[in-house]
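1. The sequence isn't on hand, but the structure is:
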């Protein structure tokens, strides 16, 4: 296995571990900013309806297995997106 | 620390987009020149890992929770320009797909967590390493950088909230105090995790800490 493949595999394994721990034991999120804003009476007013609000698919709220799957799939999407951004930047360099 | 739509006045949102755009321009231009084939997979791997790590919320004081930001480690391994690009990817996906952070406030969120949360830890870390080459200085720099970066990011969020007089009718000092107080605790957590990761990297993969950094020339950039 090449160094790059090993690095990507290690990244996916660690990320999957974080997602599982996050979904099973550390999923409750009460952000300080939200608490402070709520305390002072500020309210949010979204201008965009995200497809997966609060990291949960509509109809599967509270389903840990689905949440883990969503977390892992989107972690891989982040990995691929960042890789693509990096490669695009390299491509810009070679064209310059 | 993800500010949702509606918390900030649109004028503040516009100013924060403009300020962040300056750093985006520098970061993407520099990255397109300097980013190496070795750094791209590392950047992708670390970005994915910190996206996942942000899903782990641990309890702190007052019934609130915190999560790792990851900016300090991104900066210390890749440099602040690449760190900012990584944080931008994370925050963009969180805002667009999960509603974690707003669209109008995206510039402010990238400023707080991507510019302040990445550049400040890197500057503090670099100062510590320049003062002393010892391992203790490296770890103290990593801890202090993460702590100060996190608290300053919260201070900026407080300033943005405090200046948003239409949506947040309280003074800057009230908003800053409320945000900074909690984030001292969160910053200690970020500092502790950053120190552990830097310590492990130093023992197992010191090459990752010695890669050419994508940063301004005055910060030892490549």
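-> Structure received. Bear in mind the structure is a predicted one, so any value in this text is a computation, not a measurement.

2. touching chain A at all, stretch B:36-53?
-> Yes: counting by C-beta under 8 Å from any C-beta of the partner chain, contacts between stretch B:36-53 and chain A involve B:37, B:39-49, B:51-53. C-beta: built from backbone N, CA, C; applies to glycine.

3. Could you pick out the buried ones from the residues you listed?
-> Among the residues of stretch B:36-53 next to chain A, those classed as buried by neighbour count (16 or more other C-beta atoms under 10 Å in any protein chain shown) are B:39-49, B:51-53.

4. Keep only those of those that are in helices.
-> Among those, DSSP state H puts B:39-49, B:51-53 in helices.

5. Just put these in TSV and tack on distance to residue A:32 and pLDDT.
-> Formatted as TSV, those follow (distance: C-beta to C-beta, whole Å; pLDDT from 0 to 100):
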residue	distance to residue A:32	pLDDT
B:39	33	86
B:40	34	90
B:41	34	90
B:42	31	90
B:43	29	92
B:44	30	93
B:45	29	93
B:46	25	93
B:47	24	95
B:48	25	94
B:49	23	92
B:51	20	93
B:52	21	92
B:53	18	90
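
6. what's the weakest-modelled helix or strand in chain A?
-> Ranked by mean pLDDT, DSSP states H and E, the weakest helix or strand in chain A is helix A:32-39, scoring a mean of 78.

7. Return the distance of stretch B:172-191 from the chain's centre.
-> How far stretch B:172-191 lies from its chain's middle: 14 Å, per C-alpha atoms, centre = their mean, to the nearest Å.

8. One more: stretch B:121-141?
-> Per C-alpha atoms, centre = their mean, the centroid offset for stretch B:121-141 relative to its chain is 18 Å.

9. Also stretch B:45-56?
-> On C-alpha atoms, centre = their mean, the centre of stretch B:45-56 falls 13 Å from the chain's centre.

10. contacts for it?
-> A:7-8, A:10-12, A:14-16, A:18-19, A:21-23, A:26-27, A:55, A:71, A:74-76, A:78-79, A:82, B:67-70, B:73-74, B:77-78, B:86, B:89-90, B:93-94 (C-beta atoms under 8 Å, 6 or more residues apart in numbering or on different chains).

11. List only buried entries from the residues you listed.
-> Buried members of those, scored by 16+ other C-beta under 10 Å, are A:7-8, A:11-12, A:14-16, A:18-19, A:22-23, A:26-27, A:55, A:71, A:74-76, A:78-79, A:82, B:67-70, B:73-74, B:77-78, B:86, B:89-90, B:93-94.

12. from the ones in helices among the buried ones among the residues of stretch B:36-53 next to chain A, which single one is nearest residue B:9?
-> Ranked by distance to residue B:9 (C-beta to C-beta), those are led by residue B:51 at 29.2 Å.

13. what's near enough to touch the residue nearest to that closest one when sequence neighbours are not counted?
-> Leaving out its chain neighbours, the residue that sits closest to residue B:51 by C-beta to C-beta, 6 or more residues apart in numbering or on different chains is residue A:78, at 4.4 Å. Counting by C-beta under 8 Å, 6+ apart, residue A:78 makes contact with B:47-48, B:51, B:89-90, B:93.

14. Any stretches of the chain with poor pLDDT?
-> No chain specified, so I'll use chain A. A:1, A:96 (pLDDT under 70).

15. try again with chain B
-> Looking at chain B by pLDDT under 70, you get B:62-63, B:221-222.

16. Where do the strands of it begin and end?
-> B:58-59, B:65-66 (DSSP state E).

17. So which elements touch the last one?
-> In other words, strand B:65-66. Applying 3 or more C-beta pairs under 8 Å, 6 or more residues apart in numbering or on different chains; DSSP states H and E, we find strand B:65-66 packed against strand B:58-59, helix B:172-204.

18. Where is the longest helix in chain A?
-> Per DSSP H, chain A has its longest helix at helix A:64-95.

19. ok, residue B:182 to residue B:111 distance?
-> When distance is defined by C-beta to C-beta, to the nearest Å, residue B:182 is 19 Å away from residue B:111.

20. Quick one: residues contacting the most centrally placed residue in chain B.
-> Geometric centre of chain B, nearest residue: residue B:117, 2.4 Å, by C-alpha atoms, centre = their mean. Under the criterion of C-beta under 8 Å, 6+ apart, the neighbours of residue B:117 are B:69, B:71-72, B:87, B:149-150, B:153.
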